[in-house]
Structure formats: C-alpha cells, structure tokens
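> I need the structure of the sequence given here:
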Amino acid sequence: MQYIEAPQTYDGNEASLFLAGGITGCPDWQKDIVAKLKGLPLVIFNPRRSYFPQHENAVREQIEWEYTYLRTHIPQFD
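Residues are numbered from 1 along each chain as shown. Reported below is the predicted structural model:
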C-alpha cells in the first residue's frame with residue numbers, strides 16, 4: 001500500500017482509493033480504514049492532514065488537492 005496524504009503529490013497510475021468523507025469535527029475514521037487496508041496493492045489518498053496550516057490559501061489548496069485526486073484517479077472501464 002502506498003499512502004498519500006494532502007498535500008502530497010502523486011503521479012502514478014496504480015489502483016487507488018480516495019477516502020472521501022468527513023475530515024473536520026469527526027473521529028479520524030481514515031486512520032482505521034488505512035490500518036485495515038495495509039498490505040493491499042493500492043494507493044490511498046487521504047484528504048485529512050496530520051497538520052493543517054493556518055495561512056490564507058490553505059483552504060483553497062486543500063480543495064484543489066481534493067479535486068485533483070478525485071478527478072485524475074477515477075477508474076477507466078472499457
């Protein structure tokens with residue numbers, strides 16, 4: 001398993017899972033999911049940051065990161 005946490009970047013094309021869901025004001029459910037998926041041949045994208053910076057562009061950067069990894073890692077079925 002490869003773990004990518006916002007705002008880290010990734011440019012591969014392996015099978016991936018984006019942990020969409022609550023990241024503010026809720027339990028860290030992402031940590032539990034990551035632990036359960038450990039060892040699988042999967043790239044995990046976690047929008048919940050260990051540290052969220054307090055600068056004026058932080059929210060915009062977060063949203064852009066989420067949009068990028070939701071849009072660019074959608075499975076393509078033929």
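
> quick one: which helix or strand includes Tyr3?
Using DSSP states H and E, Tyr3 sits within strand 2-5.

> after that strand comes which helix or strand?
Going down the chain from strand 2-5, the next helix or strand is strand 16-18, by DSSP H and E.

> How far off centre is that next one?
7 Å (CA atoms, centre = their mean, to the nearest Å).

> So for it, mean pLDDT?
Taken as a whole, strand 16-18 has a mean pLDDT of 93.

> Just checking, which helix or strand succeeds it along the chain?
Downstream of strand 16-18, the next assigned helix or strand under DSSP H and E is helix 29-37.

> Distance from the chain centre to that following helix, please.
Its chain's average C-alpha position is 12 Å from that of helix 29-37, according to CA atoms, centre = their mean.

> do stretch 24-42 as well
In terms of CA atoms, centre = their mean, the centre of stretch 24-42 is found 10 Å from the chain centre.

> What's the end-to-end length of that stretch?
Using CA to CA, to the nearest Å, the end-to-end distance of stretch 24-42 comes out at 25 Å.

> in it, what's buried?
Within stretch 24-42, the residues scored as buried using 16 or more other CB atoms under 10 Å are 30, 34. (Each C-beta comes from the backbone N, C-alpha and C, glycine too.)

> picking up where we left off before, tell me which residues of the strand holding Tyr3 are tucked away?
By 16+ other CB under 10 Å, the buried positions in strand 2-5 come out as 4-5.

> what residues does the lengthiest helix in the chain touch?
Longest helix in the chain by number of residues (criterion: DSSP state H): helix 58-71. Residues from elsewhere that reach helix 58-71 (CB atoms under 8 Å, 6 or more residues apart in numbering): 4, 6-7, 10, 18, 20, 45, 47, 49, 52.

> one more time with 7 Å, if that's ok
6-7, 18, 45, 47, 52 (CB atoms under 7 Å, 6 or more residues apart in numbering).
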